[in-house]
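Trainee: My questions are about this predicted structure, shown below with the sequence.
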Amino acid sequence: MARIAGRFGRVEPRASARAYLLGLLSKAERKNCWQLAEQAGLARPGPMQRLLRYARWDADAVRDDVRAYAVEHLGTDGVVLIVDETGFVKKGHASAGVQRQYTGTAGRIENSQVGVFLAYATSRGRALIDRRLYLPEQSWCTDPERRRAAGIPDEVQFATKPRLAREMIAAALEAEVEAPWVTGDEAYGQDPQLRAALEARGTGYVMAVACSMRVRINQGRTAVRADTVAERLPATAWQRHSAGPGAKGPRHYDWAWIHIGTDDQRHLLIRRNRTTGELAFYLCWSPIAVTLAELVRVAGVRWSVEECFQAAKGQVGLDHYQVRNWTSWHRHITLAMLALAFLTALTTDAASKRSTGPHYPTRDSEPISLTVPEIRHLFTLVFSPSAVTAARLLHWSIWRRRHQATARHSHYRRRSADEPAG
């Protein structure tokens, strides 16, 4: 809180922000304004709702603090920036950016919002350091009335997801985040403008692409599909490498690479599953010569962003919000990112104090390193408020049920008014 306190001009929103963060770190079942207010011992959710909607503070400035905090605690050699998106399934049509669209969260087309995120990953840990809410072009950008109702600023115009990723990467690099590599999935690897922007900055990338991507071989003279290149490779071209540790140990795959174009530092990287034979393809570029093992490492780091999303949603309520406004979404997401970065920093600091190396062998009876869920559990026990009285529990039960009754009455009345007469 000392790090971000200066972002709040008045003591009231500053105190609400502290209570909000403690609520995100708590064992509250849902991390919405109602439950966070109850967790904080407040009589009404008003202070939490004002913090997200009306209070004067700059969520982008706090985002900058989150990024600096992550770099300070996690920074080391071999940094990789990861771009990816995640969905937030919603009901109704009033929430900023919501529409029926595909989301990997549900694995299908759902009524949802989509946020594009930038993650910072090193061997010490990973954290989310930037976010953008995707605003669909047809259903939102060209509808002034809908934009106004959701509080979307006039200067916010349509931008593709790769464009949003490009903006976040540029902001991080301009803030002097030292990151030699960027990686992302096919949605971002297929975008030539994103790749060109990274090359212009001298930032290497390992970006997933589709098997149908056409690459130029034979010193750029021949254009051929990526999967055709894989079919023509001799058995000696494949090498076994680990893409990093997984839940069940090292993730070993067969890998091959081939020079493409006329640039000696441009490669097509191919991954083959040793059991199923399934192939995955990556376009790679680096300003200096690198090894196959280094490209494999960067490709393997991409999956850590999924761990960030899982921890952010499961531990600090990234997707628990009940807000519709553009500003409110960015404020909740930013505070959740800060809560996750805090837990990750504690986990990293605890791990660095453990003795490792050949002179300190690990025994089967020794506990594993502290994890983000375990850190949050311990934090909750230490900083949780004293036991809530029965009167306080009953007060909040009555308040919730009265509020729900009002909402139900309003919903029924609106449906009745919409039904045709007769």
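Mentor: In hand now; what should we look at?
Trainee: pLDDT below threshold where in the stretch 101-250 of the chain?
Mentor: Counting by pLDDT under 70, the ranges of the stretch 101-250 of the chain that qualify are 247.
Trainee: Buried residues of stretch 3-22, list them for me.
Mentor: 4, 7, 8, 13, 14, 16, 17, 19, 20, 21, 22 (16 or more other Cβ atoms under 10 Å). C-beta: built from backbone N, CA, C; applies to glycine.
Trainee: Okay, now that stretch: how far is its last residue from its first?
Mentor: 15 Å (Cα to Cα, to the nearest Å).
Trainee: Give me the mean pLDDT for that stretch.
Mentor: Stretch 3-22 comes out with an average pLDDT of 95.
Trainee: chain center to that stretch, what's the gap?
Mentor: Here stretch 3-22 is found 23 Å from its chain centre; the criterion is Cα atoms, centre = their mean, to the nearest Å.
Trainee: Now tell me what touches it from outside.
Mentor: Around stretch 3-22, the neighbours that count as contacts under Cβ atoms under 8 Å, 6 or more residues apart in numbering are 1, 36, 39-40, 42, 47-48, 50-51, 55-58, 61-62, 65, 69, 335, 338-339, 342, 383.
Trainee: redo that, cut-off 7 Å
Mentor: 1, 36, 40, 47-48, 51, 55-58, 61-62, 65, 69, 335, 338-339, 383 (Cβ atoms under 7 Å, 6 or more residues apart in numbering).
Trainee: partners of the longest strand along the chain, with directions?
Mentor: Counting residues, the longest strand found in the chain (DSSP state E) is strand 108-122. Strand pairing for strand 108-122, determined by DSSP bridges: strand 80-89 (antiparallel), strand 99-103 (antiparallel), strand 125-133 (antiparallel).
Trainee: got the CA positions of that strand in PDB?
Mentor: What follows is strand 108-122 as a C-alpha-only set of coordinates in PDB (Å, rounded to 0.1, in the frame of the first residue of the first chain):
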ATOM      1  CA  ARG A 108     -16.800 -22.300 -27.000                       C
ATOM      2  CA  ILE A 109     -18.700 -19.200 -28.000                       C
ATOM      3  CA  GLU A 110     -20.200 -17.500 -25.000                       C
ATOM      4  CA  ASN A 111     -21.600 -14.100 -24.000                       C
ATOM      5  CA  SER A 112     -18.400 -12.800 -22.500                       C
ATOM      6  CA  GLN A 113     -15.800 -10.000 -22.200                       C
ATOM      7  CA  VAL A 114     -12.300 -10.700 -23.400                       C
ATOM      8  CA  GLY A 115      -9.200  -9.100 -21.800                       C
ATOM      9  CA  VAL A 116      -5.800  -9.100 -23.400                       C
ATOM     10  CA  PHE A 117      -2.900  -9.400 -20.900                       C
ATOM     11  CA  LEU A 118       0.800  -9.100 -20.800                       C
ATOM     12  CA  ALA A 119       2.700 -11.400 -18.400                       C
ATOM     13  CA  TYR A 120       6.300 -11.000 -17.100                       C
ATOM     14  CA  ALA A 121       8.000 -14.400 -16.700                       C
ATOM     15  CA  THR A 122      11.500 -15.300 -15.400                       C
END
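Trainee: In it, which residues are buried?
Mentor: 110-122.
Trainee: now swap in stretch 292-312 and tell me
Mentor: 294-305, 308-309, 311-312.
Trainee: before we move on, what about stretch 338-357?
Mentor: Buried residues in stretch 338-357 (16+ other Cβ under 10 Å): 338, 339, 340, 341, 342, 343, 344, 345, 346, 347, 348.
Trainee: Give me the contacts around it.
Mentor: Stretch 338-357 has contacts (Cβ under 7 Å, 6+ apart) with 21, 24-25, 62, 66, 69-70, 73-74, 124-125, 127-128, 311-312, 315-316, 369-372, 375-376.
Trainee: repeat for stretch 193-211
Mentor: Under the criterion Cβ under 7 Å, 6+ apart, residues 162, 165-166, 173, 179-186, 188-190, 225-227, 269, 279-287, 295, 298-299 lie in contact with stretch 193-211.
Trainee: Whichever of these end up buried, select them in ChimeraX.
Mentor: Buried members of these, identified by 16+ other Cβ under 10 Å, are gathered into one ChimeraX selection as follows:
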select :162,165,166,173,179,180,181,182,183,184,185,186,188,189,190,226,269,279,280,281,282,283,284,285,286,295,298,299
